[in-house]
Structure formats: structure tokens, C-alpha cells
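Engineer: Predicted structure and sequence below. I'll ask about it afterward.
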Amino acid sequence: MEKFISHTGTAVPLRRSNVDTDQIIPAVYLKRVTKSGFEDGLFAAWRNDPEFVLNKPEFAQGTILVAGADFGTGSSREHAVWALQNYGFKAVISSRFADIFRGNSQKGGLLTVVLAQEIIEKIWDVIEAAPVTSVTVDLEAKNVRVGDAVYPFEIDDYTRWRLMEGLDDIGLTLKHIDDVSAFEAKRPSFKPQTLPAKV
Amino acid sequence: MQVRSGEMMGKTLAEKIWADHVVREVAGEPDLIYIDLHLLHEVTSPQAFDGLRLANRQVRRTDLTIATEDHNTPTLNIDQPIADPVSRLQIETLRKNAAEFGVRIHSLGDANQGIVHVVGPQLGITQPGMTIVCGDSHTSTHGAFGALAFGIGTSEVEHVLATQTLPLVRPKTMAINVDGSLPAGVTAKDIILAIIAKIGTGGGQGYVLEYRGSAIRNLSMEGRMTICNMSIEAGARAGLIAPDETTFAYVKDKPHAPQGADWDAALAYWKTLKSDDDAVFDAEITINADELSPFITWGTNPGQGAPLNGSVPNPTDFSDPEEVGAAERALTYMGLEAGQPFKSIKVDTVFLGSCTNGRIEDLRAAAEVIKGKKIAENLRMLVVPGSAKVRLQAESEGLDKIFIDFGAEWRQAGCSMCLGMNPDQLSVGERSASTSNRNFEGRQGKGGRTHLVSPLVAAATAIRGTLSSPADL
């Protein structure tokens, strides 16, 4: 995973709440067996509308998505994270994220930043008035800077450390694989096994 | 205010299961949790297996892992190669991965193929007190057995394949008390739709929900699975119900149920799996079952629901400006007018199936309503059993004939029109009454309009052609 320390770019205002992962990437785009090439499915249905924000040339270069509340609800498809990253997004800002989406994004290095809804509204106003406004999402300093305004955000130290170091969870867990073996030795015999198969 | 006092205090069911699966616990880090069962399907696993290959890793516990094909499988002509080459490749990739890594698989055509959340319980590998994961958000279904079960992303699928564990932050717990008794014609689906309408699609975020109360205790295992299934629609990764005699009886005769002394040991453990009387939940809500009636959704998220007897809400009736905007957009997308009675809404397609309502009890309930009747003109009804075994069971009871005589299509098992990944889709503007779990824009096909309903409402709607309950017949 790529390290995330700080990212500066321009932002895209997505004035919608409850953006579910079926909107981020519809099921028909989930058939690929790779992690790349999902950008064509990103917000596929909405992109048919010429007025949709991603179709506006002034937001074409945006790398930070600023969305309404409850972003990423519904399906657990990690393809939603890949689609956002394949398209070029490095961070998403919302007042509330669905649990599974947030977990998936943290595994893949897409930073999800929680800011209060009134701050989101302010950022929307600023970037709609001036799409070229420079926006920085700074994980090291734990703040978002929009023009001259600075908005601090919270993130747990462990996740922050993992993202800043670009660490892979599996590698971290394998350091403690002896603990896993010790746990397995004590599991009760009545726990079911899938093998040998019984039908 | 109640203060938590460490060891002295009672534990909730979710806390007990959690505690029994902690492999490693260090302050400032997520707990490392052992996973008792990992379910796989074709859509969220290929990239995880690729990751294993790249790192030269094996599947740590093939004996705690099982795969089936469900999301993109066709429900017609399953004896022939899958027509769509991209879908076919995805299925073939799962088969190759299962063979290469030694994972048990139930493929299309096998009696145990079907929706992963129907297959686990029918094999008896879903049991109380387990931790169960799958790369599918409706894994919460298995919580009906008193298991801690939740959906994960593909990175986590790879993590479980490699280590049989997951690093997880301990969730908060929410009690949802459903007391009283359900009026006739009101089902588990109506309970959960009412709960989601009450707490919203984000109300359960960060929580494990525990469904309690007399109305829950009186539900069958199928009904309990319907409820736990849709926990994610309220934002909760998991929902569970304490196991009881209903649960034990359901598990007992299943192929992978513990035998002999193991059964006795398991049962003794399972009986400890309930929230202590003095356990404190982080949040609690109460629903009165006596006041419930058939429930439907009118909008484009599962929280936008209301009793079928009502009418389409006026967006300006909502107090939160976000909700006003969301309701306005939803009505435009759904092609509905504020004030229009729900029962006047004409439906094109009825879908009976999914991990929410594709089990044998759901098919029986719908068949009972339509028996001897004829389908409404210009309406199509798809009946898609949750698994090949459910299909066989239904056929042995003659339910297939009832559906076919009625004018419905009797299909092979799979996720089908719930998510429209296979050819079973709505077309632009087409309206469905669907027993599935999500009414998102385009969920059942681009431009399709979905109303979530119970199997009873689905059946009555197929007869009348407009959203209806059996009481309207």
C-alpha cells in the first residue's frame, strides 16, 4: 500500500447524502477479476447526466471528493474503493461514512476524513464558487485546509500510523501468528468444519 | 447514568462472543479476532486469491472455508455454459481458485449451490456463538443463530484466507426490543423495514444490533434470518438474536451439526449465549409489534419506508433539510407524487427471492396466497429460490406447480434480480415489488424502480397488479 502523509489537490462537491456503493459502482461492473479498470463504472448511472458534477470540466481534475452524510452505505464491495482510486481520488470527506466502506478504504489507502456537516457545507460553497481552490488533506497534521481555512479532524492513532507507513495488515498479523496457533489449539472440538464435506 | 464497572458487570451477547474469539489484545490497537467460518463467492474473492498468490501464501484453514456461486449466476439454462463471457470468467476463476487452494465449493448444478447466506444455515455450518465472515454485507443473516456475523471487503477476505483472523475495533451494542405479538399478515420483513424507517440507514453505524423481545422469540429461524439480514440496511455491520430452543432444533438435524458428546458440549455452551440481565447496551430502542402493519419502501434507500396503508409522503414534511432533498430526489427517481396512496401504485414485476426472503418458508407463504389465482395482466413474477436445495424442497411440496399455474416464472437458485448482476434485471422505468433488501437507484437494473416488500405483499401485489396485502384480496 502506498504511504499517505498529505495530499494537495482540488476538490469535487457531491451534494448528495446516502451515496450507497451501488451508486459508486453498479453491480454490472463488478465482474472483473482484477483491481484496476473500475474507473469507467464510477457513478456510472449519474455520469449519463451532463449536469452531474464529475462531468463539469471545472471539476475534472479533482482528487478529493466532498460528499454528503452516510457515504458508502450498502454493499461491502471493495470495488467502490478501487473505482474511486482508479478514477484518481485520493481522499473522501463526509460527515459520516458507512462502517464497511470506511474499513475498506483504510485497507486500500484511500483516506476517509470525517468533518461536521456544517463544515462540509462551507467547503461545498467555497469550491463551487472557486473550483480551483487548493485543498490539502494532511494526515500528519490531522487537518483539512481549504484556501486559508483550517479544519482539524480526528482519526485513531493506529489507523493513522498504518496509513502513514503504508503498512499491509496481513504482514502485521503474521508477526503474531504464534498467538493464532495457540488460540487454535484451544478451540472446542464441537466447532464445525467444512471439511470433510457432509451434505 | 449507569457507569461501567469492568469485571463486575454483565455482558451482552455480542460482548461474550467477542471475548471468546480474542486472539490478541493490546491497548491502542484493534483486537485480533479469530474467525470460525469464512464463506466465499465469485465476486469479492478473485482479487483476494491473487493477493495470496503474489505473496506466496496459502489458505490457512481450508476446513473453515467454503465457497459457492451465487451473485452473477444465471437462473435459466444452467446446464449450458454461461452466455456472458465476463460472468463466465468470474465463475471459472472461483472454481480454479478453489481447486488450487483446496477450498470446498458448491458449483452451479450442485444441490448445495445457492445464495451463500442460505447455504451456510442449510448445511448446519452456521451455529450459535461463532464468528462468521463473508465478502458480502448480508453476512449479518447468520446472526439469527446467535453468531457474530458480518460482511467484509476483499482486502479482509484475503486477510482471513491468510490468517483466519481479522484486526477489528470492538463495536458498540444496541438493543432493539420488539415486544407484543404481530397482527395477522405482518411478518419479520415488516418488522425490520419498520426498524430501519425508525432509526435510519445510519442509525446502526458502529453498533452490533441485538434483536430481543417476545415478537422476536416467536419468530421461526427463517423469520429471524430475514431480520438479521437487513441489519446492514440500518448501517449496522452485524445483528444477532440469542439462540434458544427454536435455534437448537433447527441446527440439530443439519449435515454439519455436532454429534454425540460434541452435541452435548455445544448445547451446554450455546445455552450460555444470551445477554446477562444486568448487561448494559450502549443504545436501546423499542418497537411495539401490536402496532405494526405490512410495510413497504417508497424511496431509494431502505430507510424510506412506510406502512402500506398510507400514501407517498410530502418531502416538505421532513424536518431535516438533508432528508427533504433526499426525499425529493427519491420521488423524482421513483416517478411518484406526494399524497398518492401506496395501494394505487401499479407494479410491472414481482421478485420473490434473495437472502432476505428466498427460503422455503417465504416460498410457502407466497404460494399460499396465490394458490388457485391468476397473475395480474401484463405483470411478470420471478420466483428465485435461495438455494438449489430450497428449490428441490419446494418442488417436493408442489410449490413450483402453484407458481407456474399462477403465471410466475420458476427459476434456478441465486441472487438474481436482488442486485441485477445476472440477466435478471429491471429495464428503465420498470417498477418492482421485491422481497429483497435494497431499493437503491438502479439496484435491480439501470433506471429500475424498487419497492421492498414482504413475500405476502409480493404475492398479493402479483394478483392485483398494484401494491397490496393479502387483506386486500
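Structural biologist: Everything's here; your move.
Engineer: where are the low-confidence patches of chain B?
Structural biologist: Under the criterion pLDDT under 70, the flagged ranges of chain B are B:1-8.
Engineer: Looking at it, which helix is longest?
Structural biologist: The single longest helix within chain B, with elements called by DSSP state H, is helix B:85-101.
Engineer: Report the buried residues of it.
Structural biologist: Neighbour counts using 16 or more other Cβ atoms under 10 Å in any protein chain shown place B:S87, B:L89, B:Q90, B:I91, B:T93, B:L94, B:N97, B:A98, B:F101 of helix B:85-101 among the buried residues. Placement of C-beta: from N, CA and C, glycine included.
Engineer: wait, does the strand or helix carrying B:R224 contact chain A?
Structural biologist: Using DSSP states H and E, the secondary-structure element containing B:R224 is helix B:221-229. No. Shown here: helix B:221-229 not in contact with chain A (Cβ under 8 Å from any Cβ of the partner chain), separated by at least 13.2 Å.
Engineer: re the thing from before, just how off-centre is the longest helix of chain B within its chain?
Structural biologist: Taking the mean of its C-alpha atoms, helix B:85-101 sits 25 Å from the chain's own mean (Cα atoms, centre = their mean, to the nearest Å).
Engineer: Tell me if the next helix or strand after that helix is near chain A.
Structural biologist: On the C-terminal side of helix B:85-101, the closest following helix or strand by DSSP H and E is strand B:104-106. Yes. Using Cβ under 8 Å from any Cβ, strand B:104-106 reaches chain A at B:R104.
Engineer: Parallel or antiparallel, list what pairs with strand B:104-106.
Structural biologist: Sheet pairing of strand B:104-106 (DSSP bridges) gives strand B:65-68 (parallel).
Engineer: so does the helix or strand containing B:A330 get close to chain A?
Structural biologist: B:A330 is part of helix B:321-334, with elements assigned from DSSP H and E. Yes. Under the criterion of Cβ under 8 Å from any Cβ, chain A is reached by helix B:321-334 at B:E322, B:G325, B:A326, B:R329.
Engineer: For that helix, output the C-alpha coordinates as CSV.
Structural biologist: Written as CSV, here are the backbone C-alpha positions of helix B:321-334 (Å, rounded to 0.1, in the frame of the first residue of the first chain):
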residue,chain,number,x,y,z
PRO,B,321,-33.1,19.6,5.2
GLU,B,322,-30.9,16.6,4.1
GLU,B,323,-34.0,14.3,4.3
VAL,B,324,-36.1,16.8,2.4
GLY,B,325,-33.6,16.9,-0.5
ALA,B,326,-33.2,13.1,-0.4
ALA,B,327,-37.0,12.6,-0.5
GLU,B,328,-37.4,15.0,-3.4
ARG,B,329,-34.8,13.2,-5.4
ALA,B,330,-36.3,9.8,-4.5
LEU,B,331,-39.8,10.7,-5.6
THR,B,332,-38.5,12.0,-8.9
TYR,B,333,-36.5,8.9,-9.5
MET,B,334,-39.4,6.6,-8.4
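Engineer: okay, now B:Y333: neighbour count?
Structural biologist: Summarising burial for B:Y333: neighbours were counted as other Cβ atoms under 10 Å in any protein chain shown, giving 16.
Engineer: need the contact list for the spatially closest residue to B:G120 that is not a sequence neighbour.
Structural biologist: Residue nearest to B:G120 in three dimensions, not counting chain neighbours: B:T126, with 4.2 Å by Cβ to Cβ, 6 or more residues apart in numbering or on different chains. If you count contacts by Cβ atoms under 8 Å, 6 or more residues apart in numbering or on different chains, B:T126 has them with B:L37, B:G120, B:I132, B:H142, B:F145, B:A147, B:A149.
Engineer: now swap in A:E39 and tell me
Structural biologist: A:E39 makes contacts with A:A83, A:N86, A:Y87, A:G88, as judged by Cβ under 8 Å, 6+ apart.
Engineer: ok, B:L32 touching B:H21?
Structural biologist: No. Under the criterion of Cβ atoms under 8 Å, B:L32 lies out of contact with B:H21, with a separation of 9.2 Å.
Engineer: follow-up on the earlier one: is the residue nearest to B:G120 in a helix, a strand, or coil?
Structural biologist: Recorded secondary structure, B:T126: coil (DSSP: H, G, I helix; E, B strand; the rest coil).
Engineer: can you give me phi and psi for it?
Structural biologist: Dihedral angles phi and psi of B:T126 (degrees, to the nearest 10) take the values phi -90, psi 110.
Engineer: now the strands for chain A?
Structural biologist: With DSSP state E as the criterion, chain A has strands at A:6-9, A:11-14, A:64-67, A:91-94, A:111-114, A:135-138, A:143-146, A:149-152.
Engineer: how much distance is there from the fourth one to the middle of the chain?
Structural biologist: So the one you mean is strand A:91-94. Using Cα atoms, centre = their mean, the mean C-alpha position of strand A:91-94 is found 7 Å from that of the whole chain.
Engineer: before we move on, what about the second one?
Structural biologist: On the basis of Cα atoms, centre = their mean, strand A:11-14 is displaced by 14 Å from the centre of the chain it belongs to.
Engineer: same thing with stretch B:449-464?
Structural biologist: Using Cα atoms, centre = their mean, the distance from the centre of stretch B:449-464 to the centre of the chain it belongs to is 18 Å.
Engineer: rewinding a little: show me which pair in the buried residues of helix B:85-101 is furthest apart.
Structural biologist: Of all pairs drawn from the buried residues of helix B:85-101, the one with the largest separation by Cβ to Cβ is B:S87 and B:F101; the distance is 21.7 Å.
Engineer: So, low pLDDT: which residues of chain A?
Structural biologist: Counting by pLDDT under 70, chain A contains no low-confidence residues.
Engineer: Repeat the analysis, applying 90 as the threshold.
Structural biologist: Low-confidence segments of chain A, defined by pLDDT under 90, span residues A:1-2, A:168, A:199.
Engineer: Using CSV, write down the CA coordinates of stretch B:292-306.
Structural biologist: This file holds the C-alpha atoms of stretch B:292-306, laid out as CSV (Å, rounded to 0.1, in the frame of the first residue of the first chain):
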residue,chain,number,x,y,z
LEU,B,292,-47.2,-3.0,13.1
SER,B,293,-48.8,-3.5,9.7
PRO,B,294,-47.5,-4.5,6.3
PHE,B,295,-44.6,-2.2,5.4
ILE,B,296,-43.1,-1.1,2.1
THR,B,297,-40.5,1.3,0.9
TRP,B,298,-41.4,4.3,-1.3
GLY,B,299,-37.9,5.8,-1.9
THR,B,300,-34.4,4.9,-2.9
ASN,B,301,-32.9,3.8,0.4
PRO,B,302,-34.3,1.2,2.8
GLY,B,303,-35.0,3.8,5.5
GLN,B,304,-37.5,5.5,3.2
GLY,B,305,-40.4,3.2,4.2
ALA,B,306,-43.9,3.5,5.5
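Engineer: That's all I had, so thanks and see you.
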